[in-house]
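Chemist: Next comes the sequence, and after it the predicted model I'd like to discuss.
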Amino acid sequence: MLDFVIRNARLPTAADGNLLDIGFSDGRIEAIEPRIEADVPAHDAAGCLCCAGLIETHIHLDKSRIVDRCAPEPSRSQPDHMRRVQAVKSTFTVEDIYTRAKETLEGCIKHGATRIRTHVEIDEPVGVKGVEALLQLAKEYAWAVDLELCVFPQEGLTNAPAADAALIKGLEMGARVIGAAPNYDVDHPGQIKRIFELARRFDVDIDMHVDSGHDPTSLDTHLVADLTERM
């Protein structure tokens, strides 16, 4: 028995462009017809597109909504924007990250996202504060979105003594993906190899920022491909 109907929806698969009703039972689609006769709560889509949920593959919820804290941008160089964000990380608390990320997450949901992968930085002085805040949001909004956390060292791993322990802690807390940014590390191969080691240890996927520099003769892609084949 149907318990909810979306009326006058435009489906991407409807070649004729006619509007259709979509009937639901216990949260699952049970019927798609030109007109569903059912005395149940309904929403009039008024011709709007009705499709599968959108997937946001790359977002940084932990750093969202901090433009008011950052200094004006004097250039478009990567080191510059890294320094400006690094300068405000001392203001991050679990509650602060939670509040900012919640507002952005709700905006994503309202615009149709049902699966989101967010990177979460574990650099000092933040550590796993972002992981704690976003895991809480993932639990609270599980009814609407699958929020997947990717912990990664934005400011370096081999040159940041506390980063390795923070990565491990984040994975132990429940992050489902590990990331990397070797271009910001003094030892590109060292970071890449360590990330692969941790991914294998915790049986998680890798989402890596590779070759974001400007030297075509210095590419990390080859090492990543080799390790992928071997592991």
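Modeler: Structure received. No experiment lies behind these values; they were computed from the predicted model shown.
Chemist: Scan this structure for its longest strand.
Modeler: strand 113-121 (DSSP state E).
Chemist: contacting residues around it?
Modeler: 52-63, 89, 101, 105, 108, 130-131, 134, 144-155, 170, 175, 177, 179, 207 (Cβ atoms under 8 Å, 6 or more residues apart in numbering). Any C-beta I mention is one placed from the backbone N, CA and C, and that applies to glycine too.
Chemist: Now with 6 Å, please.
Modeler: 53-57, 59-62, 130-131, 134, 145-152, 154, 179 (Cβ atoms under 6 Å, 6 or more residues apart in numbering).
Chemist: how big is the angle separating the helix or strand following that strand from strand 113-121?
Modeler: As assigned by DSSP states H and E, the chain's next helix or strand after strand 113-121 is helix 129-140. Helix 129-140 runs at 160 degrees relative to strand 113-121, counting by axes from the mean of the first three to the mean of the last three Cα atoms, to 10 degrees.
Chemist: Against which helices or strands is the helix or strand bottoming out on mean pLDDT in the chain packed?
Modeler: Counting by mean pLDDT, DSSP states H and E, the chain has its least confident helix or strand at helix 78-86, which shows a mean of 76. Contacting helix 78-86 under the criterion 3 or more Cβ pairs under 6 Å, 6 or more residues apart in numbering; DSSP states H and E is no other helix or strand.
Chemist: Output it as CSV, nothing but the C-alphas.
Modeler: This file holds the C-alpha atoms of helix 78-86, laid out as CSV (Å, rounded to 0.1, in the frame of the first residue of the first chain):
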residue,chain,number,x,y,z
GLN,A,78,49.2,27.1,-4.1
PRO,A,79,51.7,27.8,-1.3
ASP,A,80,49.9,31.2,-0.7
HIS,A,81,46.4,29.8,-0.2
MET,A,82,47.9,27.0,1.9
ARG,A,83,49.5,29.6,4.2
ARG,A,84,46.3,31.6,4.5
VAL,A,85,44.3,28.6,5.6
GLN,A,86,47.0,27.3,7.9
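Chemist: Nothing else from me, thank you.
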